[in-house]
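**Q** coordinates for the following, if possible.
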Amino acid sequence: MISYEKCSNILKAIAHPTRLEIIYRLNKQDGCHVSRIQKNLGIPQSTISQHLKILKNGGVLTSERNGNAVCYKLKDIKIMKIIDVLRSLD
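**A** Numbering: from 1, shown residues only. Model prediction:
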């Protein structure tokens, strides 16, 4: 069973419009490199890296290094259920 503290950390990690969009795009692309995310969102690479770090530390993303490139993926696809519920509140 997941603890309330872990739930809180996940919610804090996704609590930003850019991070929600990153999660949405990573889900559609089944993982992605920072440069591709930067190209899609049109915001500075350093800003994206900060958001990715928060998502990874919050337990939302995993990463895999391949040479100099790092590919980020959703740690658990069930996070999309949370996003879908939030989107349905509109």
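**Q** rest of the way, CA atoms for contacts and neighbours
**A** Will do.
**Q** now the spatially most central residue of the chain. Nearest residue, chain neighbours left out?
**A** Nearest to the mean C-alpha position of the chain, by CA atoms, centre = their mean, lies Ile23 at 3.9 Å. Leaving aside its sequence neighbours, Ile23 sits nearest to Leu74 (CA to CA, 6 or more residues apart in numbering; 7.2 Å).
**Q** dump the residue contacts of the one you found.
**A** By CA atoms under 8 Å, 6 or more residues apart in numbering, Leu74 lies in contact with 23, 26-27, 30-31, 60-62.
**Q** okay, and which of those map to strands?
**A** With DSSP state E as the criterion, strands contain 61-62 from among the contacts of Leu74.
**Q** among the contacts of Leu74, which two are most distant?
**A** Asp30 and Val60 (13.7 Å; CA to CA).
**Q** what about these two, which has more around it?
**A** Using other CA atoms under 10 Å as the criterion, Asp30 and Val60 rank with Val60 on top: 23 against 12.
**Q** which residues does that one contact?
**A** 10, 13, 74-76, 79.
**Q** in terms of pLDDT, where does it sit?
**A** Note on Val60: pLDDT of 96.
**Q** and for the one 3 residues further on?
**A** At Ser63, the pLDDT value in this model is 93.
**Q** counting neighbours, what do you get for it?
**A** Neighbours around Ser63, by other CA under 10 Å: 17.
**Q** and Ser35, by the same measure?
**A** 16.
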